[in-house]
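Based on what follows, work out the 3D shape:
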Amino acid sequence: MTHPSASYPQPREDLDNRPFLEAWRDGRLRLQTCSECRRSFFYPRPRCPHCWSDRLVWDELPGEGEVVSFSLIHRPNHSSFFDEVPIVLAELRVAEGVTLLARIVGVSSDMVRTGMRVHLLKQPNRYPLPTFEPDKQ
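This next block holds a predicted model:
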């Protein structure tokens, strides 16, 4: 089933997530770090989820990590994804210890494994949020 006119749904940009989304549009990964407790976290928010401080800074990360867990999506909710199934949606742990959800591309879905090393695509594709691919072995 082809839906060439369907464009991806876009994230709602706000003051909390704007630096994250702007970085991604440039092919970079930025996450928040608390200036008080020094812990990094994802998803963007106005206060640290660990100590509730509002003294947050944005750090640019190299975008390297590993698959913690993943799911194969065979029935997406939006028609723009229909031609791409199965879609690999993974929980990733980046080197800084933060976990986030991201899409994995560039590999057959049956080759994705827990512990697989991945890196951020430096050139954003059609998908509007961070996308990773397996490291070359």
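
The longest strand seen in the chain pairs with which strands, and in what direction?
Scanning the chain for the longest strand, with DSSP state E as the assignment, gives strand 64-73. Next to strand 64-73 in the sheet, as set by DSSP bridges, lie strand 87-94 (antiparallel), strand 117-120 (antiparallel).

Mean neighbour count and distance to Gly106 added to the ones you listed, as TSV?
C-beta: built from backbone N, CA, C; applies to glycine. TSV is the format used below for the strands paired with strand 64-73 (neighbours: other Cβ atoms under 10 Å; distance: least, Cβ to Cβ, whole Å):
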stretch	mean neighbour count	distance to Gly106
strand 87-94	19	10
strand 117-120	19	9
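
Tabulate the ones you listed (JSON lines), appending distance to Pro49.
Formatted as JSON lines, the strands paired with strand 64-73 follow (distance: least, Cβ to Cβ, whole Å):
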{"stretch": "strand 87-94", "distance to Pro49": "16"}
{"stretch": "strand 117-120", "distance to Pro49": "23"}
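
Just the strands from this structure, written as ranges.
For the chain, the strands defined by DSSP E cover 29-34, 40-41, 56-61, 64-73, 87-94, 99-104, 117-120, 131-134.

Which neighbouring elements make contact with the third one?
What that stands for is strand 56-61. When contacts are defined as 3 or more Cβ pairs under 8 Å, 6 or more residues apart in numbering; DSSP states H and E, strand 56-61 packs onto helix 18-25, strand 29-34.

The first one now?
Packed against strand 29-34 by the contact rule (3+ Cβ pairs under 8 Å, 6+ apart) you find helix 18-25, strand 40-41, strand 56-61.

next one: the second one
Counting contacts by 3+ Cβ pairs under 8 Å, 6+ apart, strand 40-41 is packed against strand 29-34.

Give me the domain ranges for this protein.
According to automatic domain parsing, the chain comprises the domains 14-61, 62-137.

what mean pLDDT does the longest one have?
If I follow you right, that is domain 62-137. Regarding domain 62-137, the rounded mean pLDDT is 88.

how far is that domain from where the chain is centred?
Centroid separation for domain 62-137 versus its chain: 7 Å, with Cα atoms, centre = their mean, to the nearest Å.
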